[in-house]
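**Q** what's the 3D shape of this:
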Amino acid sequence: MAMTQRSPIAVPTRRSHASSLGLAALAAALLAGCASTPQPTAPAAPRAPLKLTILHTNDHHGRFWPNADGEYGLAARKTLIDRVRAEVAAAGGELLLLDGGDINTGVPESDLQDAEPDFQGMNRLGYDAVAVGNHEFDKPRSVLQRQRQWANFPLLSANVYQDGQRLFEPYRIFERRGYKIAVMGLTTDDTAKMVLPDNVRGTEFRKPIDEAARLVPALRAQADMVIAATHMGHYSDGKRGVNAPGDVEMARAVTGLDLIVGGHSQDPVCMLAENRRNTAYVPGQPCAPDRQNGTWIVQAHEWGKYVGRADFVIDAGRVEMLKYQLLPVNLSRKLADGTRAPYAERIPEDEGLRAFLQPFQERGQARLGVPVAQADGVLDGDRNTVRKQPTTLGTLIARAMMDKVGADVGLINGGGVRDSLPAGTITYRDVLKVQPFSNTVGVVVLSGAELLDYLRTAARMTPGSGAFAQTAGVRLRIEGGVLTDAQVGGQPIDPQRRYRLAINNFTATGGDGYPKLRDHPGYTDSGFNDAEVLRAYLAARSPLKVADFEPGDAVVRR
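**A** Predicted structure coming up:
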């Protein structure tokens, strides 16, 4: 296994202390003009090599409870982590448990309780440090402050500033058997455009690479191992597209990092070859982490589906990775007969933690199980489609917004659609999975010329990004990212006419790079919660026919 070479860290020697009698004798000899022989310096005792195991997760997104197939969940994760702790301790090693951020947002049971079960549960797993993710800013600052009080672990980010001061602890240094391990936190600088601007008012997200370049030399001088816990994303070979620079780009730019524990892109980082990630990774297969400029880069997919395990030895200024694994947490595959089979040995849930989390789950279930509507098929809001092409659910949401505020055109960013709606019974839980952010629906009165400018911006949004537009009430023709034709009500947009555009307050405040319309004299925030608007629209039109929301050729890209 290759090693990360570092200059040995100087260890101060200890000088022997003369007794008061010896000092008196020495003074007398000096007064008498007698020569003295210096006392020899005692050599520092050599340190035994440190066996260090790093366990890591990322992008938890509210999954404190297992899903319907019994996969992941904090109680099973605790059992797995406790087993590894016992194994490491028996072998004379030490352990750190880290997370790459985004504890918040994704499951209604968690969202409705401000992720308290997740923070409290992670305390009981013994996390040492967690990077601050962009979704930690999904709710008002008062919620984040409460979450910080719940957490027994530090939330780390060196590049988030408020009024010129760091908002979070930038790093934490842990000592293990005389060795020091520095863990620095970093947050993607895309955060400012990915969350509601009111939640980050006065907050500055500086470039993580610049902050790391300033901090790493100082950390390198005082620690035996330097780790970055990041929420920046892993983009193979640094091909990041519209995203801010991620872990690969940072490792190439900043020398001195031993390990990056990442998150944000929600991938299992297992490499097939240099700069080529295994996009079809199967649980239980061997996993080779990425390595750039002497820095190992790891990421454990999402939701606690895996616990990553990296075993190191630190000795004489060298940090060597001995082994790396992704340990699945009760992941299973569907068989031909419809049953499911686990990829690995089933991990029992920790009974104490499950009992602690049970009341949180029950409170959430009581509020979420209420039926809302019926549908004759799935309304598609899958991340892989809703960010790349018009979908039935994107059309439905845009129509619901239009209907609520009496608009001519509706638009929502694809990143604001977080899940599909199922066939059959649709519950309140399903609605909140689709729209978990508690945004409000607004309407702005624009001239035709202003609307065309806005739609031109929407047309430039890259397919695959969260900014990709889902629309209703408008027909668009886009060639090479350029809007060539736009019609409302079957007629070309008249530059002189007035039109009403329905958007949410996230895009109205400039989220995802859209033009800021909140300060436009024609803008009104209705105050209606987007999930409630969707729920009412579904209920009024139940049973729904999916075919009624097929986008067809409403948007054509060439």
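**Q** Identify each of the strands in the stretch 301-450 of the chain and give its residue range.
**A** 306-315, 318-328, 332-334, 340-342, 371-375, 409-413, 424-427, 440-447 (DSSP state E, counting those that start in this stretch).
**Q** Highest mean neighbour count out of the ones you listed?
**A** With neighbours defined as mean count of other Cβ atoms under 10 Å, the strands of the stretch 301-450 of the chain peak in mean count at strand 409-413, which reaches a mean of 26. For glycine as for every other residue, the C-beta is placed from the backbone atoms N, C-alpha and C.
**Q** Can you name the residues in contact with that one?
**A** Defining contact as Cβ atoms under 8 Å, 6 or more residues apart in numbering, one finds that strand 409-413 is touched by 394, 397-402, 451, 458, 461, 466-474, 488, 499-504, 506-507, 511-512, 514.
**Q** same check, this time on stretch 107-119
**A** 60-65, 74, 103-105, 139, 143, 146-147, 150-151, 357, 360-361, 363-365, 367-368, 428-429, 432-433, 436.
**Q** Please flag which of the residues you listed sit within helices.
**A** Among the contacts of stretch 107-119, the ones falling in helices (DSSP state H) are 74, 143, 146-147, 150, 357, 360-361, 363-365, 367-368, 428-429, 432-433.
**Q** Can you find the helix or strand in this protein with the smallest mean pLDDT?
**A** helix 20-31 (a mean of 38; mean pLDDT, DSSP states H and E).
**Q** what about this protein, any weak spots by pLDDT?
**A** 1-44 (pLDDT under 70).
**Q** can we see that at 50?
**A** 1-36 (pLDDT under 50).
**Q** tell me the domain boundaries of the chain?
**A** With domains defined by automatic domain parsing, the chain comprises 50-362, 370-557.
**Q** Quick one: distance of the shortest one to the chain centre.
**A** Using Cα atoms, centre = their mean, to the nearest Å, the mean C-alpha position of domain 370-557 is found 25 Å from that of the whole chain.
**Q** for that domain, how far is the first residue from the last?
**A** End-to-end span of domain 370-557 (Cα to Cα, to the nearest Å): 39 Å.
**Q** now do stretch 220-235
**A** Span of stretch 220-235 from end to end, Cα to Cα: 26 Å.
**Q** tell me which residues in stretch 532-546 are buried?
**A** 532-538, 541, 544, 546 (16 or more other Cβ atoms under 10 Å).
**Q** got it, and stretch 86-95?
**A** Those would be 88, 93-95, for stretch 86-95 by 16+ other Cβ under 10 Å.
**Q** Can I get those in CSV including distance to Gly263 and secondary structure?
**A** Shown next, in CSV, are the buried residues of stretch 86-95 (distance: Cβ to Cβ, whole Å; DSSP: H, G, I helix; E, B strand; the rest coil):
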residue, distance to Gly263, secondary structure
Val88, 23, helix
Gly93, 25, coil
Glu94, 23, strand
Leu95, 20, strand
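**Q** and which of those residues is nearest to Ile181?
**A** Glu94 (8.8 Å; Cβ to Cβ).
**Q** out of everything not next to it in sequence, what's closest to the closest one?
**A** Counting by Cβ to Cβ, 6 or more residues apart in numbering, the nearest residue to Glu94 once its immediate chain neighbours are dropped is Arg176, at 4.0 Å.
**Q** Let me see the contact set for the one you found.
**A** With contacts defined as Cβ under 8 Å, 6+ apart, Arg176 is in contact with 50, 52, 94, 96.
**Q** which one of the residues you listed has the most neighbours?
**A** Within the contacts of Arg176, most neighbours by other Cβ atoms under 10 Å means Leu52, with 24 neighbours.
**Q** Where does it sit: helix, strand or coil?
**A** strand (DSSP: H, G, I helix; E, B strand; the rest coil).
**Q** Isn't Asn505 up against Val444?
**A** No: the criterion here is Cβ atoms under 8 Å, and Asn505 misses it with Val444 at 11.1 Å.
**Q** So Ile297, which state does it fall into?
**A** strand.
**Q** For the closest residue to it other than its chain neighbours, grab phi and psi.
**A** Excluding its sequence neighbours, the residue lying closest to Ile297 (Cβ to Cβ, 6+ apart) is Asp290, at 4.1 Å. Main-chain dihedrals, Asp290, degrees, to the nearest 10: phi -70, psi 160.
**Q** Report the contact partners of Asp290.
**A** Asp290 makes contacts with 234, 236, 247-248, 269, 271, 277, 296-298, as judged by Cβ under 8 Å, 6+ apart.
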